[in-house]
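Enquirer: only geometry, no sequence info:
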């Protein structure tokens, strides 16, 4: 068999996606430019190549979406999606969204995040175990983002379930892209908040003035607001949940590192960076190629879909020593789990704070745990990778 002949990366293959890293290694080494004829996409996997694609927004556009199924659907995306926009619209909308995640706002959330973690974990002290996702990972991030933007507490769980369901796929099948991007429930919230202004993000966004790409000074339209808040709420939920889950799984797999962090939690921020490198929640990002581009002697034609394989890039042998080994105390080398370029994740600082506090509070109460692997369940999606259920067993 010739080099690369049996290489096949399929984002809809559940068995492959349960552990894609051997295939990612082979892609980096044997087919750094990969072509999938069945699903009609190209992919790059080396760190420098992935970084280049994410940085070059002119030749690798987000305007048709950042998910393979969306780009292939070739639909007109409404304004306000931000992560699925190119400049100048992206520049304008990102500046507005950045007001949600200033260092001051994130710092102000820390005591509340710690309080929410305590509310989740304190009732479990003395138990023989619990599902880390159901009890903490899926609860705290949605409470935080709901509090930040103004989703009423009674509606937060339902919103999380709707957001999660929209990303799920059937084995071997693409994600359904026929539904709305916006959660129309936000219309009710906006109407109520317009009459009852507060100091939350929703009030700020209702009144924020900006100059749009046509030189008109205005506020966001109602449709833009609904889409804006839907995108932020969804992004602020799913990936942080997965990050917390990977923390539970990987520390259980490495009990000596688990014990060391429990004894000295000052190492947790570095451990978070290693978790993000080793198991990024978003394993790939899609872009639409706007003009013919050359890669490794081949031409990728304009109109193609290019997948930047973040999960592969974060284990590039040319960037990290022994990258297939999880080391919570590894010296930090910048990874690409939060993207790169103009679409670098605005919520990165908040996600890091949430994960840090979650692990601090977890090891403070439970210095060791194991995973019930029979009960653990990976999410079935073509976009994010992580656990829907992670039962942990306490000594």
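Expert: Yep, it's here. Remember, predicted model here, so these are calculated numbers, not experimental data.
Enquirer: all helices for the stretch 1-150 of the chain, in order.
Expert: Along the stretch 1-150 of the chain, the stretches classed as helices by DSSP state H, counting those that start in this stretch are 14-18, 21-30, 47-55, 68-73, 89-98, 103-121, 132, 140-149.
Enquirer: Show the contacting residues for the closest residue to residue 26 other than its chain neighbours.
Expert: Nearest residue to residue 26 in three dimensions, chain neighbours excluded: residue 7, at 5.5 Å (CB to CB, 6 or more residues apart in numbering). Backbone N, C-alpha and C define where each C-beta goes, glycine included. Residue 7 makes contact with 23, 26, 27, 30, 31, 34, according to CB atoms under 8 Å, 6 or more residues apart in numbering.
Enquirer: mind running it again at 7 Å?
Expert: 26, 27, 30, 31, 34 (CB atoms under 7 Å, 6 or more residues apart in numbering).
Enquirer: re earlier: of all the helices of the stretch 1-150 of the chain, which one is nearest residue 375?
Expert: Among the helices of the stretch 1-150 of the chain, the nearest to residue 375 by CB to CB is helix 132 (11.0 Å).
Enquirer: That closest one packs against which elements?
Expert: In terms of contacts (3 or more CB pairs under 7 Å, 6 or more residues apart in numbering; DSSP states H and E), helix 132 is packed against no helix or strand at all.
Enquirer: which other residues reach that helix?
Expert: 245, 248, 390, 392.
Enquirer: Count the residues that sit near residue 208.
Expert: 14 (other CB atoms under 10 Å).
Enquirer: That one - nearest residue in space that isn't next to it in sequence?
Expert: Excluding its sequence neighbours, the residue lying closest to residue 208 (CB to CB, 6+ apart) is residue 96, at 5.8 Å.
Enquirer: do residue 285 as well
Expert: residue 308 (4.8 Å).
Enquirer: Surely the one you found touches residue 45?
Expert: No. Assessed by CB atoms under 7 Å, residue 308 is found out of contact with residue 45, at 8.6 Å.
Enquirer: When those two are compared, which one has more neighbours?
Expert: residue 45 (28 against 24).
Enquirer: Next one: the spatially closest residue to that one that is not a sequence neighbour relative to residue 21, how far apart?
Expert: Leaving aside its chain neighbours, residue 45 sits nearest to residue 312 (3.7 Å; criterion: CB to CB, 6+ apart). Computed as CB to CB, to the nearest Å, the residue 312 to residue 21 distance reads 8 Å.
Enquirer: Check residue 157 too.
Expert: For residue 157, the distance to residue 21 - CB to CB - is 33 Å.
Enquirer: With residue 245 instead?
Expert: 17 Å.
Enquirer: Same check on residue 383?
Expert: Taking CB to CB, one finds residue 383 at 17 Å from residue 21.
Enquirer: When the two are compared, which one has more neighbours?
Expert: Between residue 383 and residue 21, residue 383 has the larger neighbour count (other CB under 10 Å), namely 23 against 16.
Enquirer: Local confidence estimate at the more buried one?
Expert: You'll see residue 383 listed with a pLDDT of 78.
Enquirer: Please apply the same query to residue 254.
Expert: 98.
Enquirer: same check, this time on the one 3 residues further on
Expert: We have a pLDDT of 98 for residue 257.
Enquirer: dump the residue contacts of it.
Expert: If you count contacts by CB under 7 Å, 6+ apart, residue 257 has them with 251, 328.
Enquirer: What does it show for phi and psi?
Expert: Note on residue 257: its backbone torsions stand at phi -70, psi -40 [degrees, to the nearest 10].
Enquirer: what about it, distance to residue 351?
Expert: 21 Å.
Enquirer: And for residue 188, the neighbour number?
Expert: Residue 188 has 11 neighbouring residues, counting by other CB under 10 Å.
Enquirer: in which helix or strand would I find it?
Expert: Taking DSSP states H and E as the definition, one finds residue 188 inside helix 185-195.
Enquirer: Residues touching that helix, excluding its own?
Expert: 150-152, 155, 159, 202-203, 206, 222, 225-226, 229-230.
Enquirer: model confidence over the following helix or strand past it, on average?
Expert: Following helix 185-195 in sequence order, the next helix or strand is helix 201-207 (DSSP H and E). Regarding helix 201-207, the rounded mean pLDDT is 81.
Enquirer: how far is the helix ranked longest in the chain from where the chain is centred?
Expert: For the chain, the helix with the greatest residue count under DSSP state H is helix 222-253. Helix 222-253 has its C-alpha centroid displaced from the chain centroid by 6 Å (CA atoms, centre = their mean, to the nearest Å).
Enquirer: elements contacting that helix?
Expert: Checking 3+ CB pairs under 7 Å, 6+ apart, helix 222-253 ends up next to helix 140-149, helix 156-167, helix 185-195, helix 201-207, helix 255-263, helix 268-278, helix 348-365, strand 370-371.
Enquirer: Tell me which residues are up against the shortest one.
Expert: Pointing back at strand 370-371 there. Strand 370-371 is contacted from outside by 249, 252, 390, 392, 393, using CB under 7 Å, 6+ apart.
Enquirer: about what we covered before: just send the helices of the stretch 1-150 of the chain back as CSV, with mean pLDDT and distance to residue 347 too.
Expert: Below are the helices of the stretch 1-150 of the chain laid out as CSV (pLDDT from 0 to 100; distance: least, CB to CB, whole Å):
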stretch, mean pLDDT, distance to residue 347
helix 14-18, 90, 24
helix 21-30, 97, 25
helix 47-55, 98, 17
helix 68-73, 92, 20
helix 89-98, 85, 9
helix 103-121, 94, 9
helix 132, 98, 21
helix 140-149, 86, 8
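Enquirer: So which of these is the most surrounded?
Expert: helix 132 (a mean of 30; mean count of other CB atoms under 10 Å).
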